[in-house]
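S.K.: Got a sequence here, can you model it:
(one chain, ligands or ions: 1)
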Amino acid sequence: MARNKIALIGSGMIGGTLAHLAGLKELGDIVMFDIAEGIPEGKALDIAESSPVDGFDVKLSGTQSYEAIEGADVCIITAGVARKPGMSRDDLLGINLKVMEQVGAGIKKYAPNAFVICITNPLDAMVWALQKFSGLPKNMVVGMAGVLDSSRLKHFLADEFDVSIKDVTAFVLGGHGDTMVPIAKYTTVAGIPLPDLIKMGWTTKDRVEEIFDRTRKGGGEIVALLKTGSAYYAPAASAISMAEAYLRDQKRVLPCAVNLKGEYGIQDMYVGVPVIIGAGGAERVIEIEMSKADEKAFAASAAAVAELCETCAGIAPNLK
Ligand code: APR
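M.R.: Alright, predicted model coming up:
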C-alpha cells in the first residue's frame with residue numbers, strides 16, 4: 001500500500017514541529033509548503049537527516065508550489081501570521097483571511113479529497129472561511145483548538161493533583177479564545193468528575209476557577225514568555241493526534257472546531273464541540289448536556305465566533 005501523503009501549509013514554528021512529529025510517527029510522506037523560500041526546504045532536509053538516527057522511513061520535501069501537495073491525504077494549515085505580544089487573535093483576522101483564500105484555492109485544485117486541519121488563528125473564523133474558500137465537504141475540514149485547550153487543562157490538573165496525565169480527562173468547548181468553556185462535569189481524574197473531587201476535598205471551587213482561567217489564557221501565557229512568537233509544541237502535538245485519528249480510523253472522541261448543522265442550536269458555524277474523528281473525517285458530533293451556566297457561557301462563546309465570521313464576511317463578501 002502506498003504511503004499516506006501529508007501536506008503542511010505553513011512551515012514556521014508549528015509547521016516544523018508538525019513535520020518532525022509526523023515523521024517520528026511515520027504518518028506518511030511529508031510535503032512542507034511555505035511562501036518563504038528555503039524555509040520548508042531547509043526544515044524538510046534537516047528532519048530527513050534526523051530520520052536515520054530515529055529510524056523513521058518517510059520522504060520529506062519543501063516547496064513554494066501548490067502543485068507539490070497534489071493528492072495529499074491530510075493538509076494541516078498553519079500559514080499566516082502568528083500572534084505577537086499585545087496582539088489579540090482578532091487583530092490577525094484581516095491578514096490571515098487573505099492567506100486562507102490562497103490556501104483554500106490551492107487545496108481545492110490539488111488536494112480536494114484531503115482531511116484538512118486548520119490551526120491558523122483566529123481559529124474558528126479561519127476554519128470557517130477556509131472551508132468556504134476550498135469548497136471541500138464540511139466534515140472534511142476541521143479546526144484544531146479543543147485538543148490543545150483540553151491538553152493544557154489536563155496538564156494543569158495533573159500537576160495540581162500530582163497524578164498521571166493519563167488519568168485526567170478534560171473537555172474544553174466553545175471558541176478558541178478567552179470565551180472558551182471548560183466543562184467541570186466532564187473533567188475527571190480516573191472518571192471522578194471535578195465537582196466530586198471538590199466535595200472530596202481534593203481541591204476547592206476557587207482553585208478550579210483559577211485553573212480554568214489559566215487554561216483560557218494559556219496561549220497568552222506562552223506568548224508572554226516567548227516574547228517573539230506563540231506556542232508550537234502543544235499545538236503541533238494536538239493537530240497530529242487529529243491527523244492520526246483520521247489516517248488510522250481511530251474513531252477518537254476529540255474536542256474540535258467543526259461545522260455545526262443545528263447541533264447545540266448553531267447553524268453553519270465552526271465551534272469547538274466533542275466529535276468522533278475517523279476515516280470519514282468529522283464523523284459524528286456528540287451533544288453533551290451542559291449546566292445552565294455552561295450553556296450560557298457556550299452561547300456567549302458562539303456569539304463571539306459569529307461576530308468574527310460576520311467581520312470576515314464584511315472583508316470578503318464572497319464568503320456569504
Ligand atoms: N502561504 C503559505 N505560507 C504562508 C503564507 C501564505 N500566504 N503567509 C505566511 N506564511 C507562512 C510564513 O512564511 C511562516 O513560515 O506561515 C508561517 C507561519 O509560521 P510562524 O510565523 O512560525 O507561526 P506559527 O507559530 O507556526 O503559527 C502559525 O498557528 O497558532 C496559530 O496563531 C498562530 O496563526 C498562527 C499559526
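S.K.: what's near enough to touch residue 107?
M.R.: Contacts of residue 107 were listed using C-beta atoms under 8 Å, 6 or more residues apart in numbering, and they are 9, 69, 75, 114, 116, 134, 136. C-beta coordinates here come from the backbone N, C-alpha and C atoms, glycine included.
S.K.: The lengthiest helix in the chain near the ligand at all?
M.R.: Longest helix in the chain by number of residues (criterion: DSSP state H): helix 292-315. No - with C-beta under 6 Å from any ligand atom as the criterion, the ligand is not reached by helix 292-315; the gap is at least 13.7 Å.
S.K.: what packs against that helix?
M.R.: If you count contacts as 3 or more C-beta pairs under 8 Å, 6 or more residues apart in numbering; DSSP states H and E, helix 292-315 packs onto helix 93-110, helix 123-134, strand 181-182, strand 267-278.
S.K.: swap the cut-off to 10 Å and go again
M.R.: Counting contacts by 3 or more C-beta pairs under 10 Å, 6 or more residues apart in numbering; DSSP states H and E, helix 292-315 is packed against helix 93-110, helix 123-134, strand 172-173, strand 181-182, strand 267-278.
S.K.: Out of those, which gets nearest to the ligand?
M.R.: The closest of those to the ligand is helix 93-110. By C-beta to the nearest ligand atom, the value is 4.1 Å.
S.K.: could you check the angle helix 123-134 makes with the longest helix of the chain?
M.R.: 40 degrees (axes from the mean of the first three to the mean of the last three C-alpha atoms, to 10 degrees).
S.K.: Counting neighbours, show which residues of helix 292-315 come out buried.
M.R.: If you call a residue buried by 16 or more other C-beta atoms under 10 Å, then helix 292-315 has these buried ones: 294, 297-299, 301-302, 304-306, 308-309, 311-313.
S.K.: Make JSON lines from these and add pLDDT to it.
M.R.: Shown next, in JSON lines, are the buried residues of helix 292-315 (pLDDT from 0 to 100):
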{"residue": "294", "pLDDT": "92"}
{"residue": "297", "pLDDT": "93"}
{"residue": "298", "pLDDT": "94"}
{"residue": "299", "pLDDT": "94"}
{"residue": "301", "pLDDT": "92"}
{"residue": "302", "pLDDT": "93"}
{"residue": "304", "pLDDT": "92"}
{"residue": "305", "pLDDT": "92"}
{"residue": "306", "pLDDT": "94"}
{"residue": "308", "pLDDT": "90"}
{"residue": "309", "pLDDT": "92"}
{"residue": "311", "pLDDT": "89"}
{"residue": "312", "pLDDT": "91"}
{"residue": "313", "pLDDT": "90"}
